[in-house]
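Participant: Here is my input, please return the structure:
(one chain, ligands or ions: 1)
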Amino acid sequence: MYIDGCDGTIDEADLCGLAESAESDAGSGAMIFRARELRLWAGCSEGTRCDLCKRDIALSAVEYEVEAEISDRPVRLHFHMACYLDWRKRRS
Ligand SMILES: [Zn+2]
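Facilitator: Here you go, the predicted model:
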C-alpha cells in the first residue's frame, strides 16, 4: 500500500493493484521478490511498516524506500536497512 505524503491521500490505483497481487500470493509476501527496482531512497523513517518483516520501522531508524515495478505496476516498498539488503539478496 502506498500512501502519498502526509495529507492522507491514497493513490487508489496503486491500492487496488497491490490488494489484488497480495491476494493472488495468498499473503506469502513472495510478490515483493518479483519487483524490479527502479530507484532507491534512504531517509528518516516516518513510522512506516517494513514490507519484508512487516514490523514498523522505528522513527529514529533509517528507512529504505524503493520505487519498483511488479508486473509493470508501480509500487513503493519500504524496508529496514537490513531487510533491504536481505530483499536484494533473495531477489537475485
Ligand atoms: Zn524489516
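
Participant: Show me the helices in this structure, by range?
Facilitator: 12-24, 81-91 (DSSP state H).

Participant: worst average pLDDT in these?
Facilitator: Across the helices of the chain, helix 12-24 has the smallest mean pLDDT, namely a mean of 44.

Participant: Alongside the ion, which residues does the protein contribute?
Facilitator: C50, L52, C53, H80, C83 (Cβ under 5 Å from the ion). To be clear about C-beta, it is placed using only N, CA and C from the backbone, and glycine gets the same treatment.

Participant: Quick one, which of these are buried?
Facilitator: Among the residues of the chain next to the ion, those buried by neighbour count (16 or more other Cβ atoms under 10 Å) are C50, L52, H80, C83.

Participant: Contacts only, for the second one.
Facilitator: The reference is to L52. Each residue near L52 by Cβ atoms under 8 Å, 6 or more residues apart in numbering is listed here: G29, I32, F79, H80, C83, Y84, D86, W87.

Participant: Filter those down to the buried ones.
Facilitator: By 16+ other Cβ under 10 Å, the contacts of L52 give I32, F79, H80, C83, Y84, W87 as buried.

Participant: Look up how far A42 lies from the second one.
Facilitator: For F79, the distance to A42 (Cβ to Cβ, to the nearest Å) stands at 10 Å.

Participant: mind listing the strands for the protein?
Facilitator: For the chain, the strands defined by DSSP state E cover 3-4, 9-10, 36-44, 62-70, 73-80.

Participant: Quick one, which of those strands gets closest to R91.
Facilitator: Between R91 and the strands of the chain, the tightest spacing by Cβ to Cβ is seen for strand 36-44, at 8.0 Å.

Participant: helices or strands up against the closest one?
Facilitator: strand 62-70, helix 81-91 (3 or more Cβ pairs under 8 Å, 6 or more residues apart in numbering; DSSP states H and E).
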